[in-house]
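Participant: have a look; sequence and predicted model below, questions after that.
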Amino acid sequence: MRHGCLESAWTNLVNCDIVGHEQEIAIKLSMGRLRTTRRVEDAAADSGFEELPVRLRHTRRLLDLPLHHRDPFDRILVAQAMEEGLTLVTKDAAIAAYDVRLMAW
């Protein structure tokens, strides 16, 4: 697994230690909120990143998370980062309310 950060050409997507959501990317692409000439999976593979699927322990962690943030995708990212001991890179100030390791963007 690559340890480090990949800043993409997409508007507000930064993944560190493979905390990311292909579902959110696909939705944003289909809504026209993100644009890219590359397939997401190709960009991730070329960068040496590995997938981090949403696991049952991630969804269980969601049950204990306070509602500091209402975006379900961001809450899953927080749960994954907490469960996997990863650093979450974000510019979303609301995420700082959670007990998760952050790197400001």
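Facilitator: Great, that's in hand.
Participant: Q80 against R57, yeah?
Facilitator: No. Counting by Cβ atoms under 8 Å, R57 is not a contact partner of Q80; they are 9.3 Å apart. Any C-beta I mention is one placed from the backbone N, CA and C, and that applies to glycine too.
Participant: more neighbours, those two?
Facilitator: Q80 (26 against 12; other Cβ atoms under 10 Å).
Participant: helices or strands up against the strand or helix carrying the more buried one?
Facilitator: Element membership for Q80, per DSSP states H and E: helix 72-84. Packing contacts for helix 72-84, counted by 3 or more Cβ pairs under 8 Å, 6 or more residues apart in numbering; DSSP states H and E, involve helix 56-64, strand 88-90.
Participant: neighbouring contacts of it?
Facilitator: Applying Cβ atoms under 8 Å, 6 or more residues apart in numbering, the contact partners of helix 72-84 are 17, 19-21, 23-24, 52, 54-55, 57-59, 61-62, 65, 69, 86-88, 90, 92, 94-95, 98-101.
Participant: tell me the phi and psi of the residue located most distally from the centre of the chain?
Facilitator: Relative to the centre of the chain, and counting by Cα atoms, centre = their mean, the farthest-placed residue is T37 at 20.5 Å. For T37, the backbone dihedrals (degrees, to the nearest 10) come out as phi -100, psi -10.
Participant: ok, it to G48 distance?
Facilitator: 20 Å (Cβ to Cβ, to the nearest Å).
Participant: do I25 as well
Facilitator: 18 Å.
Participant: looking at the two, which one has more neighbours?
Facilitator: Using other Cβ under 10 Å, the more surrounded residue of I25 and G48 is I25, with 22 against 12.
Participant: is it true that that one touches R33?
Facilitator: No. Counting by Cβ under 8 Å, I25 sits too far from R33 to count as a contact (9.9 Å).
Participant: what about stretch 49-57, start to end distance?
Facilitator: With Cα to Cα, to the nearest Å applied, stretch 49-57 spans 21 Å between its terminal residues.
Participant: now stretch 83-102
Facilitator: Per Cα to Cα, the first residue of stretch 83-102 is 14 Å away from its last.
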